[in-house]
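Asks: pasting the structure only:
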């Protein structure tokens, strides 16, 4: 029963579960299957969650190599591991699903703005937490090689592309208006514009500044 399962055990076991998704390249699969074939590809969002989990594991002193694990993951996602080259489009956006061993496209997946944004958010979280020059450099590389400006479909309606094409442009029709997790995409797009502002800043100010 839940009463017999202490919260601190649930907390630590949740971390262990996430770590069980990690392979020897530092890439995280999206799920485990407990019936039938235990197969699932990586998702870029799961990798972002894995990076946040490493910060928690380090803070709780459950692991003593969190920094090194973060660096390994970021090396893989930025092309530093010759055997693992994640599929990205011309604007640097990652596929939703990628092969655990090679980084190639899996399950006919799209170039996903939200999965890319969760990956980058986890990366920036790890950078802020560890305050390590090597992690900072890899995080800056990952953030700066994504063309966030192309993700904004319509700042007036709040439209953000869910999917991007091979050429780096948004896929017509694959648009969402302000909704839950896409605030992460909007925030990163706004910050990429900087103080000069632009469509992403207009979208943010119109749809997110005032709750």
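Replies: On my side now, so go ahead. Note that this is a predicted model, so its numbers are computed, not measured.
Asks: Helices of the chain, start to end?
Replies: Per DSSP state H, the chain carries helices over the ranges 7-20, 44-59, 66-77, 113-130, 133-144, 182-193, 199-207.
Asks: Looking at these, which is nearest to residue 172?
Replies: Residue 172 lies closest to helix 113-130 among the helices of the chain, at 14.3 Å (Cβ to Cβ). Heads up, the C-betas are built off the backbone N, CA and C, glycines and all.
Asks: Next, the angle helix 44-59 makes with that closest one.
Replies: Helix 113-130 and helix 44-59 are oriented at 20 degrees to each other (axes from the mean of the first three to the mean of the last three Cα atoms, to 10 degrees).
Asks: returning to that earlier point: which of the helices of the chain sits closest to residue 155?
Replies: Checked against Cβ to Cβ, the stretch from the helices of the chain lying closest is helix 199-207, at 3.9 Å.
Asks: Tell me how far that closest one lies from the chain's centre.
Replies: Centroid displacement of helix 199-207 relative to its chain, using Cα atoms, centre = their mean, to the nearest Å, is 22 Å.
Asks: repeat for stretch 194-210
Replies: 22 Å.
Asks: In JSON lines: the helices of the chain, plus mean pLDDT.
Replies: JSON lines is the format used below for the helices of the chain (pLDDT from 0 to 100):
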{"stretch": "helix 7-20", "mean pLDDT": "89"}
{"stretch": "helix 44-59", "mean pLDDT": "96"}
{"stretch": "helix 66-77", "mean pLDDT": "96"}
{"stretch": "helix 113-130", "mean pLDDT": "97"}
{"stretch": "helix 133-144", "mean pLDDT": "96"}
{"stretch": "helix 182-193", "mean pLDDT": "95"}
{"stretch": "helix 199-207", "mean pLDDT": "94"}
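Asks: So which of those is nearest residue 105?
Replies: Judging those by Cβ to Cβ, what sits closest to residue 105 is helix 44-59, at 11.5 Å.
Asks: Please identify the buried residues of that closest one?
Replies: 44-58 (16 or more other Cβ atoms under 10 Å).
Asks: In terms of pLDDT, where does residue 4 sit?
Replies: Listed pLDDT for residue 4 reads 67.
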